[in-house]
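Undergrad: With the input below, show me the fold.
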Amino acid sequence: MENNTTDIDDWSLTTEFDYGDSAPCMGTEEKHFAASLLPPLYSLVVIFGLTGNMLVVLILVKYKRLKSMTDIYLLNLAISDLLFVFSLPFWAYYAVHDWIFGEVLCRILSGIYLLGFYSGIFFIILLTLDRYLAIVHAVFALKARTVTYGILASVATWVVALLISVPGIVFHKTQKENSRYTCSAHYPSDQINVWKQILTLKMNILGLVIPMFIMICSYTQIIKTLLQCRNEKKHKAVRLIFIIMIVYFFFWAPYNVCLLLRDFQGAFSITTCEGNSQLHKAIQVTETISMIHCCINPVIYAFAGEKFRKYLRNFFRKQIAFHFSKFCPIFYVDTAERASSTYTQSTGEQEVSAAL
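TA: Numbers count the residues shown, from 1 in each chain. Predicted coordinates for the structure are as follows:
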């Protein structure tokens with residue numbers, strides 16, 4: 001039996017791997033590899049993902065006040081990332097130790113991980129369609145792109161994502177294996193490989209193939225429209241969602257490919273223990289890379305969204321800097337001087353412009 005790594009529909013950081021009728025592989029090397037690699041990387045993802053997405057939620061709610069359909073979708077995307085991040089500390093601990101959190105948390109956290117993944121890609125699709133309507137069908141978009149419709153679409157998306165995540169809740173359970181407790185998916189004994197292949201195909205189709213098809217079609221029409229009507233504001237609006245799409249596929253596609261190779265080993269002639277070992281290490285690496293997307297979206301907003309940068313600066317200036325100045329008078333004076341200098345310079349420039 002071989003020690004398997006994590007995956008979206010078969011969460012098994014330390015789960016025994018079943019190769020059917022083939023000779024068993026020990027998998028000790030992969031276990032140590034996961035124990036040394038995953039905890040520090042998961043910790044970084046949690047820190048940056050939690051901080052960044054909390055800021056996104058704060059800015060959208062406090063400053064932008066959710067006045068458009070796009071804001072609604074961006075808020076839900078940030079919540080999806082937060083759900084995803086929420087489960088990582090538990091899996092980081094599990095990568096090194098036994099599962100000590102009980103069966104209820106095993107099922108719930110597995111479901112939350114899946115819910116965060118599927119809802120995230122679905123909201124990226126909605127953001128793409130939102131941009132498509134706003135640019136290609138601008139007249140129709142005036143009626144369709146409302147906050148009310150955005151909320152209804154978001155609720156429907158969460159329901160669909162939850163239903164798709166059900167297998168992760170149903171099949172996951174705790175079990176004592178080789179004197180240690182595990183939290184992993186346990187399929188019917190006579191259909192283990194069938195279930196793994198079905199769920200892997202489901203993840204690839206819903207999480208990669210269909211989104212890619214929708215995005216390619218939508219952005220093709222968007223580009224055609226922009227070429228006919230050159231508008232700098234429209235270009236900036238599309239750039240944000242386009243970057244989100246590219247980043248998503250860059251981080252998730254390698255992991256999806258590795259899962260296909262793992263669950264269809266016979267089709268790809270991967271039969272040796274050495275081949276399995278390399279494949280499982282690749283899954284561990286690509287899965288960790290895929291999780292970084294939780295931290296990337298806030299960075300994208302900060303660099304690609306001009307309004308978001310403005311709101312973020314206002315937040316740090318009025319909230320963080322102001323409260324910090326109470327405990328550090330020097331910082332307050334320095335801030336005040338810089339503000340006064342900026343104001344004076346700006347006023348002077350305005351006077352020169354008026355005189356000219």
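Undergrad: Tyr181 belongs to a strand, doesn't it?
TA: Yes. Applying DSSP: H, G, I helix; E, B strand; the rest coil, one finds Tyr181 inside a strand.
Undergrad: Nearest to the spatial middle of this structure, which residue is it?
TA: Centroid-nearest residue in the chain: Cys294, 4.0 Å away (criterion: C-alpha atoms, centre = their mean).
Undergrad: I figured that one hits Thr51, correct?
TA: No. Contact between Cys294 and Thr51 fails when scored by C-beta atoms under 8 Å: they sit 10.8 Å apart. Quick note: C-beta positions are derived from backbone N, CA and C, even for glycine.
Undergrad: Which strands or helices does the helix or strand containing Met54 pack on?
TA: Taking DSSP states H and E as the criterion, Met54 maps to helix 28-58. Judged by 3 or more C-beta pairs under 8 Å, 6 or more residues apart in numbering; DSSP states H and E, helix 28-58 is in contact with strand 2-4, helix 69-94, helix 273-291, helix 293-304, helix 306-315.
Undergrad: From Ser87, how far out is Phe117?
TA: Distance of Phe117 to Ser87, given as C-beta to C-beta, to the nearest Å: 10 Å.
Undergrad: More neighbours: which of those two?
TA: Phe117 (26 against 22; other C-beta atoms under 10 Å).
Undergrad: quick check, that one in a helix?
TA: Yes. With three-state DSSP as the criterion, Phe117 is assigned to a helix.
Undergrad: and the gap between it and Arg309?
TA: Counting by C-beta to C-beta - Phe117 and Arg309 are separated by 28 Å.
Undergrad: what does Thr182 give?
TA: 45 Å.
Undergrad: Same check on Lys62?
TA: Counting by C-beta to C-beta, the gap from Lys62 to Arg309 is 15 Å.
Undergrad: in stretch 138-155, what counts as buried?
TA: 141, 145, 150, 153-154 (16 or more other C-beta atoms under 10 Å).
Undergrad: among those residues, which are in helices?
TA: 141, 150, 153-154 (DSSP state H).
Undergrad: pLDDT weak spots in the stretch 1-150 of the chain?
TA: Along the stretch 1-150 of the chain, the parts satisfying pLDDT under 70 run over 1-31.
Undergrad: Now find how far off-centre the helix or strand containing Leu261 is within its chain.
TA: Using DSSP H and E, Leu261 falls within helix 232-263. Here helix 232-263 is found 10 Å from its chain centre; the criterion is C-alpha atoms, centre = their mean, to the nearest Å.
Undergrad: again with stretch 33-47
TA: 16 Å.
Undergrad: How about residues contacting it?
TA: 5-6, 13-14, 85, 88-89, 91-93, 95-96, 281, 284-285, 288, 291-292, 294-295 (C-beta atoms under 8 Å, 6 or more residues apart in numbering).
Undergrad: 6 Å - rerun?
TA: 5, 85, 88-89, 92, 95-96, 281, 284, 288, 291 (C-beta atoms under 6 Å, 6 or more residues apart in numbering).
Undergrad: ok, so of those residues, who is nearest Thr128?
TA: Met291 (22.0 Å; C-beta to C-beta).
Undergrad: ok, how many other residues are close to the closest one?
TA: Using other C-beta under 10 Å, Met291 has 27 neighbouring residues.
Undergrad: Quick check: closest non-adjacent residue to it.
TA: Leaving aside its chain neighbours, Met291 sits nearest to Val45 (5.1 Å; criterion: C-beta to C-beta, 6 or more residues apart in numbering).
Undergrad: number of nearby residues for Glu274?
TA: Applying other C-beta under 10 Å, I find that Glu274 has 9 neighbouring residues.
Undergrad: measure it to His280 for me?
TA: Taking C-beta to C-beta as the measure, Glu274 falls 11 Å from His280.
Undergrad: I'd assumed Lys176 was in a strand, is it?
TA: Yes. Residue assignment for Lys176, taken from three-state DSSP, places it within a strand.
Undergrad: That one bridge partners, please.
TA: Counting by DSSP bridges, Lys176 forms beta bridges with Tyr181.
Undergrad: Can you read off the pLDDT for it?
TA: Note for Lys176: predicted pLDDT of 84.
Undergrad: Ile241 too?
TA: 72.
Undergrad: Show the contacting residues for it.
TA: So Ile241 contacts 127-128, 131 (C-beta under 6 Å, 6+ apart).
Undergrad: coming back round to it: now which of the contacts of stretch 33-47 would you call buried?
TA: Those of the contacts of stretch 33-47 that meet the buried threshold are 5, 85, 88, 92, 95, 281, 284, 288, 291, by 16+ other C-beta under 10 Å.
Undergrad: got a list of what the third one touches?
TA: Counting by C-beta under 6 Å, 6+ apart, Leu88 makes contact with 42, 46.
Undergrad: if I look at it, how far off is Thr182?
TA: Taking C-beta to C-beta, one finds Leu88 at 18 Å from Thr182.
Undergrad: how about the helix holding Leu261: buried residues?
TA: Result for helix 232-263 [16+ other C-beta under 10 Å]: buried residues 234, 237-238, 240-245, 247-249, 251-256, 258-263.
Undergrad: Between helix 306-315 and it, find me the angle.
TA: Between helix 232-263 and helix 306-315, the angle comes out at 90 degrees (axes from the mean of the first three to the mean of the last three C-alpha atoms, to 10 degrees).
Undergrad: Could you quantify the relative orientation of helix 232-263 and helix 273-291 as an angle?
TA: Calculated by the same axes, to 10 degrees, helix 232-263 forms an angle of 160 degrees with helix 273-291.
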